[in-house]
Structure formats: C-alpha cells, structure tokens
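[1] the following block contains a protein sequence and its predicted model.
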Amino acid sequence: MRNPLATQLLFELSRPGRRGAQLPACDVPAPAVGELLPAESLAGAALPEPASRRFAAGTFSEAVMHSFDVRAALRCATTFVLCGVISAVAAAEDVPARKTTFGNYDQCVEMRIGDAGVLLSPQAGGRVLQFWFLGSQSLYLDEQELQWRRGAKPAAITAGRFDYGPELVVKPHPRIWSGDWTAEIVGSFEVRMTSPRDEAAGMQVVRTFTLAPTDGDPARTSAILRCKQTLKNIGEAP
C-alpha cells in the first residue's frame, strides 16, 4: 500500500497557536554516517533547503506506512537526521522529453520533473503507458502488453486508455483506438501524438501531453500531467 497521507513538513502543515511537545532523548544509538554508507554515496557538503528536509519527511512517512514498525521508523528517523550530507536525498533531476524504448514499444517518449515522470507511447493507440512518483506506478499495465508486436492485434489495452464517444453512438474506430500513431516532441516537456486518419469513422485525433511542476512546489518534487484531446472531422458529414 502506498502512503495516502500528506508528506509536507510540520512547518507547512501547522498554523499559529498550535503547541508542540518535547520528546525524550532517543535511546537508539546513532552511528556516524560513514559507518552506514560507503564514501562514494556521501556528498561533500550539505544540500540546499528545502529539498533535503522535504525528501526526509516524505521518505520517513513512507517508511512508517510500509514497515508498520515503530522501532524501525525511529531508526530510519535517526538516519535522516543526518540527511543533509547524504547525496541520495536530492530531488531527481528534470529530464526533458526524449525518445526511448519500453518492451517492444520502440517509439516511446519519456519526460521527468523531480521525482515524477511519464512514459508515452504512440503505438497501440496514443496513450500513457506509465506515470510514476517516487518510483510508484499510478497506472495498471497488463504484462501481456509487453508482448505487443507491430501489425498484430494488441492482446490488451490497459494503461492510460481513453477514447471519445458516446461509445454506442459514434462509429467504430479501431485504427484510432489501437492503431499506430505518431509522436512529435514539440517542447521540452510537451509531446503531440496524432492518430492515423480513420476514413470509415471520418475522424482523426490529436492528443497533446504536457508535464509541469505542481503549483506551490518550489522544490519541484512532484508534477502534474495534462492532456488536451482534439477531434478532427475528416468525413463529409457535419
């Protein structure tokens, strides 16, 4: 299970007038960082705020949710007191849109902002294959999809699927639903995918995906994915 709770700092969640408490001294020995991690994993200087504390707070919360062990969580907290000199606490670097491969999908486009990222595929219907935060996937992707072959009927269309409708009113459009789209990188964090022209349905679809930092997150640890879908009438009927 993933952590559904807020992972902001106490200073961000609190408000004037609230009172704190003084905790007793920790009874868990706190070894030096050099005894816990190899030298190549340590930074030479403290990381800038607020990224280090934000990461520590979020990771400590994740540790509590996953372990359900208070003592383990306290050990984790003792380690993160020294997180300012551990290079691993830095937020991930942004990765502008770039072409990549995922399984048999060889025309994918990947984008990352902070600890969030998206993997788009124009093959088997222009859609999102993966959307993740801190390594946790938000979409279900059937393992059969990894066996996709160009020209073959997809065994399943799962992650990121969406369509236009109403389903029982519009004409069937298999080329748009699961056909081979094209992908064009139109900005550092913007990708436009265009469906094939489905003459039988009289329609062509364009989807523009944009990845942007979440509002109010100066540390750029999270991101929001937007999609604009445009329908083009290529038939004779209005």
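    Done, it's in.

[2] how about low-confidence regions in this protein?
    1-15, 17-21, 46-92, 154, 217-221 (pLDDT under 70).

[3] hmm, 80 instead?
    1-23, 40-92, 146-147, 150-156, 215-222, 237-238 (pLDDT under 80).

[4] domain map for it?
    Following automatic domain parsing, one gets these domains for the chain: 10-89, 95-233.

[5] right, and P96 touches S188 too?
    Yes: the pair P96 and S188 qualifies as a contact (C-beta atoms under 8 Å) at a distance of 4.2 Å. C-beta coordinates here come from the backbone N, C-alpha and C atoms, glycine included.

[6] between these two, which one's more packed in?
    P96 (14 against 11; other C-beta atoms under 10 Å).

[7] just give the closest residue to R149, not the sequence neighbours.
    Distances taken as C-beta to C-beta, 6 or more residues apart in numbering put N104 closest to R149, at 6.3 Å, once the chain neighbours are dropped.

[8] check contacts around the one you found.
    146-150 (C-beta atoms under 8 Å, 6 or more residues apart in numbering).

[9] go on, Q137?
    130-131.

[10] measure it to V205 for me?
    According to C-beta to C-beta, to the nearest Å, Q137 and V205 sit 25 Å apart.

[11] ditto for S41
    For S41, the distance to V205 equals 47 Å [C-beta to C-beta].

[12] cool, P172 as well?
    14 Å.

[13] residues near the closest residue to Q130 other than its chain neighbours, how many?
    Nearest non-adjacent residue to Q130, counting by C-beta to C-beta, 6+ apart: L119, 4.0 Å away. Applying other C-beta under 10 Å, we find 22 residues neighbouring L119.

[14] next helix or strand past the helix or strand hosting L119?
    Element membership for L119 (DSSP states H and E) is strand 116-121. The helix or strand immediately downstream of strand 116-121 is strand 127-133, counting by DSSP H and E.
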